[in-house]
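Peer 1: Pasting a predicted model and its sequence here:
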Amino acid sequence: MVYLNHLKKATLTLRKLITDETKLEVHYDQEYRYRANAFFNIIPQTSEVTERYAGKDRLMHYELIMRYYLRKAGYGKHTHQDILNEMTERVIKLFSNNPQPENVDGVNWDDYYYKWSHTPEYYNLLQKYVGHNFYIDEINYLPSRTDSELVPDLHIVEYDMSFNLLDAVPVT
């Protein structure tokens, strides 16, 4: 069986976008593990086929959670809250300013996807993956914590994210 890992390709693009802007590491741990005093963690949540097209083409919808971890003693407006808020605003601006992140491993990003707006020439020119409609759906400054996150002086901001990925299989 031949298959390609769509979510992996998309998260590599997101990882590059985040690390290039913030210079922080991005990990993919299911449970919290200390990696640095500040880092991001991406956890895939759901994937769903939203539309099927002729042949094997399909439009996938993915949801994931990204958490920003800041481990710093105490809590104060200037020493903690401002840092958490600044990173959140930076992430929001990053994704609103980069609707078409750099192509990484075959994933191309586009602003919007409207299936009726494309001509047949568009579909003939498609590369394997086209990502669309990347959103930060919700930001939670006080997310629920897992047992591994019950660490003193650990501050967390959670970003609920979603995007669509067009899996277009070229006609051979």
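Peer 2: Sure, I can see it. Residues are numbered from 1 along each chain as shown.
Peer 1: For the protein, which segments count as helices?
Peer 2: For the chain, the helices defined by DSSP state H cover 6-22, 82-97, 120-125.
Peer 1: Between the ones you listed, which one is closest to Ala36.
Peer 2: helix 6-22 (11.9 Å; Cβ to Cβ). From N, CA and C alone the C-beta is placed, and that goes for glycine too.
Peer 1: can you give me the mean pLDDT across the closest one?
Peer 2: Helix 6-22 comes out with an average pLDDT of 83.
Peer 1: worst-scoring helix or strand of this structure, pLDDT-wise?
Peer 2: Least confident helix or strand, the chain: helix 120-125 with a mean of 48, by mean pLDDT, DSSP states H and E.
Peer 1: Tell me where the model's unsure across the chain.
Peer 2: 1-4, 97-132, 168-172 (pLDDT under 70).
Peer 1: where along it do the strands fall?
Peer 2: Remark: strands assigned in the chain by DSSP state E are 26-27, 38-52, 58-71, 107-110, 129-140, 154-167.
Peer 1: how about TSV for those strands, with distance to Lys16 and mean neighbour count added?
Peer 2: Below are the strands of the chain laid out as TSV (distance: least, Cβ to Cβ, whole Å; neighbours: other Cβ atoms under 10 Å):
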stretch	distance to Lys16	mean neighbour count
strand 26-27	9	18
strand 38-52	12	14
strand 58-71	14	18
strand 107-110	10	19
strand 129-140	13	17
strand 154-167	15	19
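Peer 1: Any chance of those in a markdown table with distance to Leu14 as columns?
Peer 2: Shown next, in a markdown table, are the strands of the chain (distance: least, Cβ to Cβ, whole Å):
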| stretch | distance to Leu14 |
| --- | --- |
| strand 26-27 | 8 |
| strand 38-52 | 7 |
| strand 58-71 | 8 |
| strand 107-110 | 9 |
| strand 129-140 | 8 |
| strand 154-167 | 8 |
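Peer 1: Count residues in the vicinity of Arg90, would you?
Peer 2: 13 (other Cβ atoms under 10 Å).
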